[in-house]
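Novice: just a sequence and a predicted model for now, questions to come.
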Amino acid sequence: MSQGEPKHDAEPSVLRTVSPSEAFLFYADIGQYTGKSASSILDFLAKLNEIPLKSIEFHFSRGDFEKWVRETLGDTYLADRLREVESSNQGEELRKNIQEIVERHLGRRRARKLASRKS
């Protein structure tokens with residue numbers, strides 16, 4: 001495992017489904033709830049396609065995605081990758097970059113899991 005990669009004992013938490021009180025609630029701005037929430041990283045990834053760009057930009061500028069992934073899902077590695085997204089990204093470019101980071105992370109996890117089964 002390279003430095004910065006997630007530890008195996010922390011891995012299952014990012015894939016878990018959280019309670020409604022721990023779900024990520026998407027807002028377009030302060031007090032403007034979109035009616036969308038995500039209760040898992042897979043749900044979060046799906047909702048990124050549905051929510052308005054204004055909501056993505058709002059949460060990204062505040063570090064909300066990174067904070068939820070780190071504090072609620074317990075995935076420091078993914079949270080750090082989200083933090084590294086260029087702040088100059090906006091609109092569809094921002095949406096795409098966040099999606100790619102999450103998809104790449106989930107792909108690495110699947111590959112690691114399959115490799116450990118073959119061992």
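Specialist: Arrived safely.

Novice: flag the shaky bits of the protein, pLDDT-wise.
Specialist: By pLDDT under 70, the weakly predicted segments of the chain are 1-13, 111-119.

Novice: which parts of the lengthiest helix in it are buried?
Specialist: Counting by DSSP state H, the longest helix found in the chain is helix 91-118. For helix 91-118, burial by neighbour count (16 or more other CB atoms under 10 Å) applies to 94, 95, 97, 98, 99, 101, 102, 105, 106, 109. Every residue, glycine included, has its C-beta placed from N, CA and C.

Novice: likewise stretch 71-84?
Specialist: Going by neighbour count (16+ other CB under 10 Å), the buried part of stretch 71-84 is 72, 73, 74, 75, 76, 77, 78, 79, 81, 82.

Novice: endpoints of that stretch, how far apart?
Specialist: End-to-end distance of stretch 71-84 (CA to CA, to the nearest Å): 17 Å.

Novice: now swap in stretch 64-78 and tell me
Specialist: Using CA to CA, the end-to-end distance of stretch 64-78 comes out at 13 Å.

Novice: now do the SS call for residue 28.
Specialist: With DSSP: H, G, I helix; E, B strand; the rest coil as the basis, residue 28 sits in strand.

Novice: just residue 18 next, same as before
Specialist: Under three-state DSSP, residue 18 comes out as coil.

Novice: burial count for the nearest residue to it once chain neighbours are set aside?
Specialist: Nearest residue to residue 18 in three dimensions, chain neighbours excluded: residue 39, at 5.3 Å (CB to CB, 6 or more residues apart in numbering). Other residues within reach of residue 39, judged by other CB atoms under 10 Å, total 17.

Novice: with the one 4 residues further on instead?
Specialist: Neighbourhood size, residue 43 [other CB under 10 Å]: 16.

Novice: shouldn't residue 37 be within a strand?
Specialist: Yes. Assigned with three-state DSSP, residue 37 falls within a strand.

Novice: any idea how far it is from residue 89?
Specialist: Distance of residue 37 to residue 89, given as CB to CB, to the nearest Å: 24 Å.

Novice: with adjacent residues omitted, what lies nearest to residue 33?
Specialist: Of all residues apart from its sequence neighbours, residue 27 sits closest to residue 33 (CB to CB, 6+ apart), at 5.5 Å.
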